Structures are given as C-alpha cells and as structure tokens.
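[1] curious how this folds, go ahead:
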Amino acid sequence: MGGFVFYAGVVVPIARRTLNPPTQQAFITNQVSVVIHLAGSLALVLMFADSQTACDPHPRRVRWRRGLCLLLAAAHGLLVWTHWQISGQLDAGTGSIGPAENWYPFHRVYLLTATVQVFAASAWIILTLFAWRREDRSSSGDPGVSATGGL
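    Next up, the predicted model:
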C-alpha cells in the first residue's frame, strides 16, 4: 500500500530518465509489481489479524477498521487482476508493448484503484494508532480513560 507511492514518486522518474527508450520502464514495473503485490498481501493478512484481535473498546472504530480492511482487500484484488491484464500486453522477447488502446484502460483503473487504496490504508493506520493508544491506556489502568471515549 505504501509501495505504490514510493514506486511512483521515486522509481518511475529515475527509470524514465535512465532507460532508452523510456517505455522500457514498463518491463521493470511489471516485475516489481509482483513483489509489491506479495508484500501487500502479507500486509493485508496482518491488518486483518490486528483488526480482529485488538481489544479496542470503541465499536464504531472497530467497524471502520474492519470495513477499511475489506475495501483494501477488494482494491488489492483489483490491482492484481489489472496488473495481469496489463502484463499480457508486454512482450519481453521483442521489448515491445501492445497498442495503448489495449492496455491504457487497465492502467487507468490500476492507478485510480491504487490511489483509493493509499487513502484507505492511511485512514486505517490513523484509526489503528488511536485504537492502540486506547488499548495501551486501558491496560495501564489510566483512570482518565473511559471504555468508549476517544476517536
């Protein structure tokens, strides 16, 4: 979920300046995306586990965190599927890429989905930090913490 931001902000500009022709960057992206998707799958498992097992006393936050996990999982599935569709347009043997009308609609869906995923993951992280803080305070016996207070 954070790999997309790093890749788009750092790797893509460097590859475009370095590779000749710049379109060859698609072949690097194709391989790196597999690793990013595997890391995303692992992150989702850990996020789901935390959302299910955390002792968060705030029911609405629990529902939001679980709902965001479902949204993230759906987005992740769509990213993997669109990546597979785009990969079918690359011919590593010849270094050619299929016509833009064949792959660009999938690329657009990929970018939009990744953007939604970044915002959803950011919201999940913020809610999780509040949940962890509440859990830590509750377990420490902090008298200033109510069972349902906080974000």
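[2] low-confidence ranges, the chain, go.
    Counting by pLDDT under 70, the ranges of the chain that qualify are 1-2, 140-151.
[3] in it, which spans are strands?
    Using DSSP state E, the strands of the chain run over 90-91, 96-97.
[4] I'd like the ones you listed as CSV, with distance to residue 120 and mean neighbour count appended.
    No exception for glycine: its C-beta is placed from N, CA and C like everyone else's. Listed next are the strands of the chain as CSV, based on distance: least, C-beta to C-beta, whole Å; neighbours: other C-beta atoms under 10 Å:
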stretch, distance to residue 120, mean neighbour count
strand 90-91, 28, 14
strand 96-97, 30, 13
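[5] can I get those in TSV including distance to residue 21?
    Formatted as TSV, those follow (distance: least, C-beta to C-beta, whole Å):
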stretch	distance to residue 21
strand 90-91	14
strand 96-97	10
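[6] out of those strands, flag the one nearest residue 133.
    For residue 133, the closest of the strands of the chain is strand 90-91, at 45.5 Å, according to C-beta to C-beta.
[7] hmm, back to that, among the strands of the chain, which is nearest residue 132?
    Closest to residue 132 of those is strand 90-91 (C-beta to C-beta; 41.9 Å).
[8] and the helices in the chain?
    Remark: helices assigned in the chain by DSSP state H are 3-6, 12-18, 25-53, 59-87, 100-139.
[9] so which of those helices comes closest to residue 93?
    helix 25-53 (10.8 Å).
[10] for the closest one, the distance to its chain's centre please.
    Centroid displacement of helix 25-53 relative to its chain, using C-alpha atoms, centre = their mean, to the nearest Å, is 7 Å.
[11] same for that helix, what does it pack against?
    Applying 3 or more C-beta pairs under 8 Å, 6 or more residues apart in numbering; DSSP states H and E, one finds that helix 25-53 makes contact with helix 3-6, helix 12-18, helix 59-87, strand 90-91, helix 100-139.
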